[in-house]
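> Compute the structure for the input listed below.
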Amino acid sequence: MTRTQAIEAALTVIDDLLDQYRYELGYEGHNGYFHNRASAEIRKELNTELAALALPADPAPGWVLVPEEPTRKMLRAMVQSREGPAVYRNVSNGALEVCEQEARDDYCAALSARPTPQEPTT
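The predicted model follows:
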């Protein structure tokens with residue numbers, strides 16, 4: 001989910017809650033004034049809070065955000081890609097630790113050599 005999609009999903013939930021509270025508080029006959037005003041205020045506050053969190057912007061087309069350190073799931077996928085899908089059933093724990101450390105080292109090396117979005121990727 002991109003940052004923009006996350007914000008829109010949060011705002012949809014907020015709008016739904018405002019509808020619920022408007023109904024519960026008896027603001028049904030005010031032509032949506034309560035909802036529109038409260039929704040605009042909440043949207044403004046939410047955007048301010050999100051900006052303060054310094055969430056990363058959506059990546060440029062063709063780019064993805066990845067963690068600085070690989071997750072356990074990522075390491076397993078890299079090891080299985082190299083050694084085959086049965087590796088975790090057929091190899092000792094010590095050998096698997098070596099394979100996962102090699103995968104971690106390769107991941108970190110790839111990240112350290114990553115281009116900036118302005119550089120060509122070929």
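
> what about E68, which SS state?
Assigned with DSSP: H, G, I helix; E, B strand; the rest coil, E68 falls in the coil class.

> So which elements touch the strand or helix carrying A103?
Using DSSP states H and E, A103 sits in helix 93-112. Counting contacts by 3 or more CB pairs under 8 Å, 6 or more residues apart in numbering; DSSP states H and E, helix 93-112 packs against helix 72-83, helix 87-90. For glycine as for every other residue, the C-beta is placed from the backbone atoms N, C-alpha and C.

> Could you export those helices as CSV, including distance to G62 and mean neighbour count?
CSV is the format used below for those (distance: least, CB to CB, whole Å; neighbours: other CB atoms under 10 Å):
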stretch, distance to G62, mean neighbour count
helix 72-83, 20, 14
helix 87-90, 31, 12
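
> Let's have those helices in TSV, adding mean pLDDT and distance to E102.
Listed next are those as TSV, based on pLDDT from 0 to 100; distance: least, CB to CB, whole Å:
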stretch	mean pLDDT	distance to E102
helix 72-83	94	8
helix 87-90	91	12
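
> mind checking which of these is nearest L111?
helix 72-83 (11.7 Å; CB to CB).

> A6: how many residues sit nearby?
Using other CB atoms under 10 Å, A6 is surrounded by 13 other residues.

> one step back: out of the helices and strands packed on helix 93-112, nearest to L17?
Nearest to L17, of the helices and strands packed on helix 93-112 and by CB to CB, is helix 72-83 at 33.4 Å.
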